[in-house]
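S.K.: quick check, what structure comes out for this input:
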Amino acid sequence: MRRDIPPLAEVRRITEKKRDAWWTVLLVDPVATPLVRLTAKYTRITPNQITWGAFLLGLVSAAFFAFGDWRWLIAGAFVYHLSFILDCMDGKVARLTGQGSVFGAWLDFVFDRIRVAVCGVALMAGQYDRTGETIYIWLAAAVVFLDTLRYINGLEIFKIRHTMRKQIKARVRAARRAENSAELAFMEDLLRNNPEADIEQDIRQAATATVTPVGAAEAADIAESPEVAAFAEREHAATTVPTTATAPMTATPATAVTATATATEAAEGEAGAEAEGEAQTKAPARVIDLHQEFRHRFPVYLRARSFFLRHRIRTHLVSGIEFQMGVFILGPLFDSVIKATIVSGALLLVFELAIIYKLLLSTRDFTRTIDSFEREEVPAAA
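M.R.: As a prediction, the model looks like this:
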């Protein structure tokens, strides 16, 4: 035995994300997590070696797709799913053993993009050779384009949301230094760490909650994209900063709520955790909700989000992962590549547009929040 690996339940807690794509939660984690434990316990295989294995299996899948016959399509779909299981295992092994690295995250991301492109071209080339229909040429280009669009869009939204959070935190830290004001907490962070919260009940209680004139609400969900999270997961092996909420997390349609929470803000550049003996009650945290307008327009989203979070499933139901599974697994398995690709691509675009619209509303909330800070600063200066 090379390492002292904890029981399977603890391995699940360490390696599985709090939120992930539904395909991963339902069809990959039940297989990948036990394999991760066995791999870490009895072998010396590194996360980067697993990444290489996933990439090579992806190339084997592409070779099967290129033959075009339905038997080879089934074999290619099966191998592609094995490749994806390995692709999920590398990050889990990194978190479990502490072997994550920046280079490993880069390698995983680049190999994923190459695998999708090669498999997409091979699959459509095999079907074109089989049928002679030129639509497969266009579908090959569409698969590569949509996969690239998804990841570029995800990374850009990640950067914009991170910038908004950073600017708000800077404003609050400046105010705290000047006036010894309350700490800052983002609504999305509190909800992420308390998925069992009855959100509907919290909203009903918001009417009686103490209101702080902060302006608009909830900060962006940086991990909204499962692909962005996967890109960063091996760079940060089990480094989550816990946030504990001791009161309902609420937000009113026009203001942020003073939440009685012990949510600790990890200041940039701060290293290490707080000393265990420090258990003093802190001032109520100011909760910023940058998704306030979106929630106000789509209240049913809260109920759906609460349900999915309880099952570790992201509300972004068709991301790059589900798109790949539709094109490279469902299409070949049912020998219906054209339909599966078109439907998967259309659903991907719908959810991408929804994310962009959500970002637009979030930027409006961000502008109102910044404006509220400026209005607070004017009386203070006077």
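S.K.: wasn't Ile288 part of a strand?
M.R.: Yes. Counting by DSSP: H, G, I helix; E, B strand; the rest coil, Ile288 is part of a strand.
S.K.: relative to Leu56, how far out is it?
M.R.: Ile288 sits 45 Å away from Leu56, taking Cβ to Cβ, to the nearest Å as the criterion. All C-beta atoms are positioned from the backbone trio N, CA, C, and that covers glycine.
S.K.: right, and Gly331 touches Ile342 too?
M.R.: No. Gly331 is not in contact with Ile342 according to Cβ atoms under 8 Å; the separation is 9.7 Å.
S.K.: before we move on, the earlier item: Ile288 and Leu56: which has the busier surroundings?
M.R.: It is Ile288, of Ile288 and Leu56, that has more neighbours when counted by other Cβ atoms under 10 Å, with 31 against 14.
S.K.: show me what that one bridges to in the sheet.
M.R.: Phe186 (DSSP bridges).
S.K.: please report how far Thr24 lies from His81.
M.R.: Going from Thr24 to His81 by Cβ to Cβ gives 11 Å.
S.K.: what does His296 give?
M.R.: 40 Å.
S.K.: the more surrounded of the two?
M.R.: Higher neighbour count among His296 and His81: His81, with 20 against 15, using other Cβ under 10 Å.
S.K.: from Phe186, how far out is the more buried one?
M.R.: Taking Cβ to Cβ, one finds His81 at 36 Å from Phe186.
S.K.: do the same with Ser372
M.R.: 15 Å.
S.K.: the more surrounded of the two?
M.R.: The neighbour count for Ser372 versus Phe186, taken as other Cβ under 10 Å, is higher for Phe186 (28 against 19).
S.K.: report pLDDT for the more buried one.
M.R.: Predicted confidence (pLDDT) for Phe186: 73.
S.K.: where does the protein dip in pLDDT?
M.R.: Filtered on pLDDT under 70, the chain yields the residue ranges 1-3, 178-184, 188, 190-285, 377-382.
S.K.: put the alpha carbons of the host helix or strand of Ala40 into PDB.
M.R.: Taking DSSP states H and E as the criterion, Ala40 maps to helix 29-42. In PDB, the C-alpha atoms belonging to helix 29-42 read as follows (Å, rounded to 0.1, in the frame of the first residue of the first chain):
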ATOM      1  CA  ASP A  29     -18.800   9.700 -10.300                       C
ATOM      2  CA  PRO A  30     -20.400   6.400  -9.200                       C
ATOM      3  CA  VAL A  31     -17.700   4.600 -11.300                       C
ATOM      4  CA  ALA A  32     -14.800   7.100 -11.200                       C
ATOM      5  CA  THR A  33     -14.600   7.800  -7.400                       C
ATOM      6  CA  PRO A  34     -14.100   4.100  -6.300                       C
ATOM      7  CA  LEU A  35     -11.500   3.800  -9.100                       C
ATOM      8  CA  VAL A  36      -9.800   6.900  -7.800                       C
ATOM      9  CA  ARG A  37      -9.500   5.400  -4.400                       C
ATOM     10  CA  LEU A  38      -8.100   2.200  -5.700                       C
ATOM     11  CA  THR A  39      -5.700   4.000  -8.000                       C
ATOM     12  CA  ALA A  40      -4.400   6.300  -5.200                       C
ATOM     13  CA  LYS A  41      -4.100   3.400  -2.700                       C
ATOM     14  CA  TYR A  42      -2.400   0.700  -4.800                       C
END
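S.K.: what is that helix packed up against?
M.R.: Under the contact criterion of 3 or more Cβ pairs under 8 Å, 6 or more residues apart in numbering; DSSP states H and E, helix 29-42 touches helix 8-15, helix 70-97.
S.K.: what angle separates it from helix 8-15?
M.R.: In terms of direction (axes from the mean of the first three to the mean of the last three Cα atoms, to 10 degrees), helix 29-42 departs from helix 8-15 by 100 degrees.
S.K.: hmm, who's touching helix 29-42?
M.R.: Helix 29-42 is contacted from outside by 1-3, 5, 8, 11-12, 15-16, 20, 45, 50, 85, 88-89, 92-93, 96-97, using Cβ atoms under 8 Å, 6 or more residues apart in numbering.
S.K.: now stretch 79-91
M.R.: With Cβ under 8 Å, 6+ apart, stretch 79-91 has contacts from 15, 24, 27-29, 31-32, 35-36, 39, 47-48, 50-51, 53-55, 57-58, 60-61, 64, 100, 104, 108, 112, 115, 119, 230, 233-234, 321, 324-325, 328-329.
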